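> sequence first, then the predicted structure:
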Amino acid sequence: MKQFTGTKKWFGDLDVEAAAKLITAASDVALIVSPDDHGVIRDMAFGSEELTGDLAEKWLGKSWADTVTLESRPKVAALLRDATSNAPIRWRQINHPSARGGDVPVLYTAVQLGKQGKIIAVGRSMRPVADLQQQLIGAQQSMEREYARLRQMETRHQLLFQVASEAVLILDATTRKVVEVNPAAGMLLGEAPTRLTGKTFAPELEPTARAALDSLFVTVRITGRTDSVRVRLNRDPAGDCTVSVSLFREEKSAYFLVRMVPAQPVAQQTAGAQRNSAVLAVVAGSPDGFVVTDLEGRVLFANRAFLDFVQLTTEDQARQEKLDRWLGRPGVDSTLLTSQLREHGALRLFATTLRGQYGATTEVEICGVAVPDGEEPCCGFTIRDVSKRMKVESHSVRERPRSVEQLTELVGRVPLKELVRESTDMIERLCIEAALELTKDNRASAAEILGLSRQSLYAKLRRHGLGDLEPVENEEYGS
């Protein structure tokens, strides 16, 4: 902070009227308060009609602390104390309840006029800054929602692209270089998708077929219409292949969407069998347990991880045994599993325990799916060990949940009496959050909406950890 070097020279002949005009023009709010602990407002001036309508209502003769919100009162006391002790000038944000609803934030500093004189408190309205902050938060939330939507769309696109049984490629319309290629196209062209990316699309074709394909690309690019041609790949003597080409634009670039459909996809069938074999190998070696049962719950297949959970040596020891034999609550868990699969066809994150052959127990989560219409109706279950996770979360199991899903996850772990109490706390918290959102965080109005006194609302806010209600003695602007 730098002050004037010639105060007497420049301000020595300044009269009181000029000083008052200067203070009023330089501030949004100016208060003359008494120097005692009560800080009674003796006079005031406002720099705008808007602030006058919001704040200047029966302030004269009132204590300065009575015109601010509860959490701002310690800041008022600190400003009065700093002014009378000649401490360095400091600015503190203080909130005034507005007659129109909401709080008006004002940045204040206080200076004593003479050794025994009154104190003048000069304030700058922070409402424009608060409005900008709200606009920034709203814009950021909107961007995050849009980003999440785009990410979900990208995920769906990639999933459909990868699992499609048809060979699909995306080419740059200018260079015909491969931008994206799915596994089915790599299989048809006899090369890994990663090796095809970035290369010019040039399948092994007879000269006549190559000329027809080149003509197809030119026609589609000129007309924009989807068209197709039938060609024969040199490496696939089993039959012809239909190549369909579509043109689409993305930003300022144009791309070809190429679909290749063989007339006799024998190679794809063979590849499908190879993929099934690879899936079985992955399931057998998975660190998560995997079990296939018939509709009555008898084990048809179990991988190595499940056998380790239940302390068995070979799969034959588990085959034709009921899965209920190893579940933590015999007769209860199996009934819940069966009813969920019959009603929904799938089961997610079912928490239970597995009992081993020799008494060991493991905390697990089970996901399952029913396949009643297959060649052999069955149910499949993946079983994940969560015992280490449970140890980490054990300290927070009895903390108040924030959603209905978290409450339902506690069924079986926490007594019903505690669940009911936690449900009541959750509903109370949601109501308070809704009231604060409706009133734009105006706690006085929120208390009125909820039918509570302001003191009761602050007590509940502290209980649920909503907002920082503890006053900070040395809180600075921007902290």
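On my side now, so go ahead.
> okay, now N182: neighbour count?
Other residues within reach of N182 by the criterion other C-beta atoms under 10 Å amount to 21. C-betas here are computed from N, CA, C, even on glycine.
> hang on, it packs against Q162?
Yes: contact criterion C-beta atoms under 8 Å: N182 and Q162 qualify, at 5.7 Å.
> and the longest helix for this protein?
For the chain, the longest helix by residue count, based on DSSP state H, is helix 127-163.
> can you give me the angle the next helix or strand after it makes with helix 127-163?
Next along the chain after helix 127-163, taking DSSP states H and E as the criterion, comes strand 167-172. Angle, strand 167-172 to helix 127-163, by axes from the mean of the first three to the mean of the last three C-alpha atoms, to 10 degrees: 130 degrees.
> just checking, what packs against strand 167-172?
strand 178-181, helix 183-189, strand 253-262 (3 or more C-beta pairs under 8 Å, 6 or more residues apart in numbering; DSSP states H and E).
> so where's this protein shaky on pLDDT?
1-16, 37, 53-54, 56-57, 115-116, 234-239, 264-277, 330-331, 389-415, 467-479 (pLDDT under 70).
> buried set for stretch 290-309?
Using 16 or more other C-beta atoms under 10 Å as the test for burial, stretch 290-309 gives 290-293, 297, 299-303, 305-309.
> for stretch 118-132, give me every contacting residue.
23, 26-35, 39, 42, 48, 51, 64, 79-80, 83-84, 93-94, 104-113 (C-beta atoms under 8 Å, 6 or more residues apart in numbering).
> got the CA coordinates for that stretch in PDB?
Extracted C-alpha coordinates of stretch 118-132, given in PDB (Å, rounded to 0.1, in the frame of the first residue of the first chain):
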ATOM      1  CA  LYS A 118     -15.800   8.600  14.900                       C
ATOM      2  CA  ILE A 119     -15.000   5.700  12.700                       C
ATOM      3  CA  ILE A 120     -15.800   5.800   9.000                       C
ATOM      4  CA  ALA A 121     -16.400   2.500   7.300                       C
ATOM      5  CA  VAL A 122     -16.000   2.600   3.500                       C
ATOM      6  CA  GLY A 123     -17.500  -0.200   1.400                       C
ATOM      7  CA  ARG A 124     -17.400  -1.400  -2.200                       C
ATOM      8  CA  SER A 125     -20.300  -3.500  -3.500                       C
ATOM      9  CA  MET A 126     -19.300  -7.000  -4.500                       C
ATOM     10  CA  ARG A 127     -22.600  -7.800  -6.200                       C
ATOM     11  CA  PRO A 128     -21.200  -7.500  -9.700                       C
ATOM     12  CA  VAL A 129     -18.400  -9.900  -8.800                       C
ATOM     13  CA  ALA A 130     -20.800 -12.300  -7.200                       C
ATOM     14  CA  ASP A 131     -23.000 -12.200 -10.300                       C
ATOM     15  CA  LEU A 132     -20.100 -12.900 -12.500                       C
END
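> can you give the distance from it to the centre of its chain?
In terms of C-alpha atoms, centre = their mean, to the nearest Å, the centre of stretch 118-132 is found 35 Å from the chain centre.
> quick check: buried residues in it?
For stretch 118-132, by 16+ other C-beta under 10 Å, it's 118-127, 130.
> likewise stretch 65-73?
65, 67-73.
> A447: which of these is nearest?
Nearest to A447, judged by C-beta to C-beta, of the buried residues of stretch 65-73 is L70 at 11.3 Å.
> could you list which residues are in contact with that closest one?
Shown in contact with L70 (C-beta under 8 Å, 6+ apart): 454, 458.
> distance of it relative to L436?
To L436, L70 is 15 Å away according to C-beta to C-beta, to the nearest Å.
> cool, R73 as well?
R73 sits 21 Å away from L436, going by C-beta to C-beta.
> tell me the SS of T174?
coil (DSSP: H, G, I helix; E, B strand; the rest coil).
> straight-line length of stretch 68-79, end to end?
Length of stretch 68-79, first residue to last, C-alpha to C-alpha, to the nearest Å: 13 Å.
> show me how far it is from its chain's centre.
When C-alpha coordinates are averaged (C-alpha atoms, centre = their mean), stretch 68-79 and its chain have centres 35 Å apart.
> swap in stretch 153-169?
25 Å.
> cool, stretch 106-114 as well?
43 Å.
> list the buried residues of it.
106-110, 112.
> does E206 touch D240 like I think?
No: taking contacts as C-beta under 8 Å, E206 lies outside contact range of D240: 11.2 Å.
> so which of the two has more stuff around it?
D240 (15 against 12).
> roughly how far apart are that one and R176?
22 Å.
> quick one: contacts for the nearest residue to A184 once chain neighbours are set aside?
Among residues not flanking A184 along the chain, A167 sits closest, at 4.6 Å (C-beta to C-beta, 6 or more residues apart in numbering). By C-beta under 8 Å, 6+ apart, the residues touching A167 are 182, 184-185, 187-189, 259-262.
> those residues into a markdown table, with extra columns for distance to A18?
Shown next, in a markdown table, are those (distance: C-beta to C-beta, whole Å):
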| residue | distance to A18 |
| --- | --- |
| N182 | 80 |
| A184 | 85 |
| A185 | 84 |
| M187 | 89 |
| L188 | 89 |
| L189 | 88 |
| R259 | 84 |
| M260 | 87 |
| V261 | 90 |
| P262 | 94 |
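> circling back to that earlier point, next, format the buried residues of stretch 106-114 as TSV and append distance to A360 and secondary structure.
Converted to TSV, those look like this (distance: C-beta to C-beta, whole Å; DSSP: H, G, I helix; E, B strand; the rest coil):
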residue	distance to A360	secondary structure
V106	66	strand
L107	64	strand
Y108	66	strand
T109	69	strand
A110	70	strand
Q112	76	strand
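> out of those residues, which is nearest to F201?
Once C-beta to C-beta is applied, the member of the buried residues of stretch 106-114 that ends up nearest F201 is L107, at 64.4 Å.
> PyMOL command for the buried members of the contacts of stretch 118-132?
Of the contacts of stretch 118-132, the buried ones can be selected in PyMOL as follows, counting by 16+ other C-beta under 10 Å:
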select buried, resi 27+28+29+30+31+32+33+35+39+51+64+79+80+83+84+93+94+104+105+106+107+108+109+110+112
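> show me the contacts of stretch 118-132 that map onto helices.
Among the contacts of stretch 118-132, DSSP H puts 23, 26, 51, 79-80, 83-84 in helices.
> now stretch 84-91: buried residues?
Quick answer for stretch 84-91 (16+ other C-beta under 10 Å): 84, 91.
> export that stretch as CSV, just CAs?
Extracted in CSV, the C-alpha atoms of stretch 84-91 (Å, rounded to 0.1, in the frame of the first residue of the first chain):
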residue,chain,number,x,y,z
THR,A,84,-9.1,2.0,17.0
SER,A,85,-5.7,0.2,17.3
ASN,A,86,-4.2,1.9,14.2
ALA,A,87,-3.6,-1.5,12.6
PRO,A,88,-2.8,-1.7,8.9
ILE,A,89,-5.8,-1.1,6.6
ARG,A,90,-7.5,-4.4,5.8
TRP,A,91,-10.5,-5.2,3.7
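> thinking again about what came up before, so what sits against both of E206 and D240?
231-232.
> where's the closest residue to L107 other than its chain neighbours relative to V29, distance?
Closest residue to L107 in three dimensions, ignoring its sequence neighbours and counting by C-beta to C-beta, 6+ apart: R124, at 4.7 Å. Plainly put, R124 is 8 Å away from V29 if you go by C-beta to C-beta.
> again, but for R342
R342 is 69 Å from V29, where distance means C-beta to C-beta.
> same question, L327
Using C-beta to C-beta, one obtains 69 Å as the distance from L327 to V29.
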